[in-house]
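J.: sequence first, then the predicted structure:
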Amino acid sequence: MRKNQVTITDLARELNVSPSTISRALNNSPFISEERKRVILDLAAKMKYSPNQLALSLLNKRTKILGVVVPEITSYYFSTAINGIQDKVGSSGYKLMISQSNESFEEEIRILEAMALVRVDGFLISPSSNTVNFDHLEKLRDSGFPLVIFDRDCLGFDIDKVVVDDYSGALQAVEYLIQTGCKRIAHISGSTNLSTAKHRKNGYIDALLKNNFEVLEELIVCGEDSSSESGVASMKKLLELEELPDAVFCYNDAIAIGAMSVIRENGIKIPDQISLVGFDDEPYSSYFKPSLTSVWQPIYDLGLLSAKILLDKLNTDVEDMKYRFEVLKPELVIRDSSRKLKE
């Protein structure tokens, strides 16, 4: 059975003073003598008094809780971003309420509505792959909730955002493949709804055009999702072509790993016959045979900066602060799955 929590009234009854006197002493009021404060604080410690955080939040009109919504919690990418958020928020007195949408637009709406009902102070949101309508986010913004969109951009929706320069990362990767002598470079894309997939595909296309390569639709395969299974299915389609690609740039590492398994099963040598490049630089990428060339993203910093922007909004009285759009730079990490530059 749960014990009754000690209240200010209990302390007041013990010392035969008013509850307001106890409250002022606990809040270090200058109108209470130091001796009286010491007596009250000693009793509070003895009786194991702790303030009612819910009551304090209602009094201050803040819950000191931030809502975090991501497509999935268990992936390396989003768990690392959450670590960055937690490390920034940890010393601020705020707590996190974390939930995952499982890439469902409907679930994302339900989660945000539930968090709004318990009056979280602000939101950090990475939209689902099926989020193409932003009415629910506009509703939150217009209701006075500060929110920061991170990782996946909501194109056309005006709010604070922190993203990685996916376009630049893709451009780096494909230009490197071209520099190593690859002539027929394929691309396995992610979901067409994702801003990250669109930017990476655009980077791939522009790298080809910049180097006077023809963009061939047969070499661009759109995966159903971002999984290794999608990489398997997409790579099988590419291997059915009359002329095989000599390089494949993949939307992410999971897709690249799926593609790698199909390439190896067909007796094709990596990178001698097909170079392979992923995106995200997941920890497992360096342990595959061959180790995977990939585009590293500053994921931890993404979470850290997103949390900082939200805290800045919560800790300022300025209502017309301009929205920030921060873009972090990725880097290509070269390993054994791609050919080396000729010396």
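T.: Great, that's in hand.

J.: quick one: Val70 from Ile188, how far?
T.: The gap separating Val70 from Ile188 is 23 Å, by CB to CB, to the nearest Å. Heads up, the C-betas are built off the backbone N, CA and C, glycines and all.

J.: report pLDDT for Met1.
T.: Confidence at Met1, expressed as pLDDT, is 31.

J.: brain fart, Arg13
T.: The model reports Arg13 with a pLDDT of 89.

J.: ok, now the one 4 residues further on?
T.: Residue-level confidence at Val17 comes out at 88, pLDDT.

J.: and it, helix, strand or coil?
T.: The three-state label given to Val17 by DSSP: H, G, I helix; E, B strand; the rest coil is coil.

J.: tell me which residues touch the residue nearest to Ser79 when sequence neighbours are not counted, please.
T.: Excluding its sequence neighbours, the residue lying closest to Ser79 (CB to CB, 6 or more residues apart in numbering) is Ile73, at 6.5 Å. Shown in contact with Ile73 (CB atoms under 8 Å, 6 or more residues apart in numbering): 79, 82, 98, 100.

J.: tell me the spacing between Ile73 and Lys48.
T.: 34 Å.

J.: same thing with Val148?
T.: Separation of Val148 from Lys48 (CB to CB): 38 Å.

J.: can you check Asn212 too?
T.: In terms of CB to CB, Asn212 sits 75 Å off from Lys48.

J.: quick check: the gap between the closest residue in space to Arg324 that isn't next to it in sequence and Phe105.
T.: The shortest distance from Arg324 to any non-neighbouring residue, by CB to CB, 6+ apart, is to Asp160 (5.0 Å). For Asp160, the distance to Phe105 (CB to CB) stands at 21 Å.

J.: what's the answer for Glu229, then?
T.: Separation of Glu229 from Phe105 (CB to CB) stands at 22 Å.

J.: who has more neighbours, these two?
T.: Set side by side, Glu229 and Phe105 show more neighbours around Phe105, with 17 against 13, by other CB atoms under 10 Å.

J.: all helices of this protein, in order?
T.: Using DSSP state H, the helices of the chain run over 8-15, 19-26, 34-46, 53-60, 76-89, 105-117, 135-142, 166-179, 195-210, 228-239, 253-265, 299-314.

J.: domains of the protein?
T.: 8-51, 63-165+299-329, 166-296 (automatic domain parsing).

J.: among these, which comes closest to Leu341?
T.: Comparing those against Leu341 with CB to CB, the closest turns out to be domain 166-296 (5.8 Å).

J.: in the stretch 101-250 of the chain, where is pLDDT below threshold?
T.: Residue ranges of the stretch 101-250 of the chain with pLDDT under 70: none are present.

J.: and the nearest residue to Val39 once chain neighbours are set aside, what does it touch?
T.: Closest residue to Val39 apart from its sequence neighbours, by CB to CB, 6+ apart: Leu15 at 7.0 Å. By CB under 8 Å, 6+ apart, the residues touching Leu15 are 22, 39-40, 43.

J.: now the residue nearest to Ile109 when sequence neighbours are not counted: how far from Leu112?
T.: Leaving aside its sequence neighbours, Ile109 sits nearest to His136 (CB to CB, 6+ apart; 4.8 Å). Using CB to CB, His136 is found at 6 Å from Leu112.

J.: so which of those two has more stuff around it?
T.: Set His136 next to Leu112 and count neighbours by other CB under 10 Å: Leu112 wins out with 23 against 18.

J.: good, we can wrap up now.
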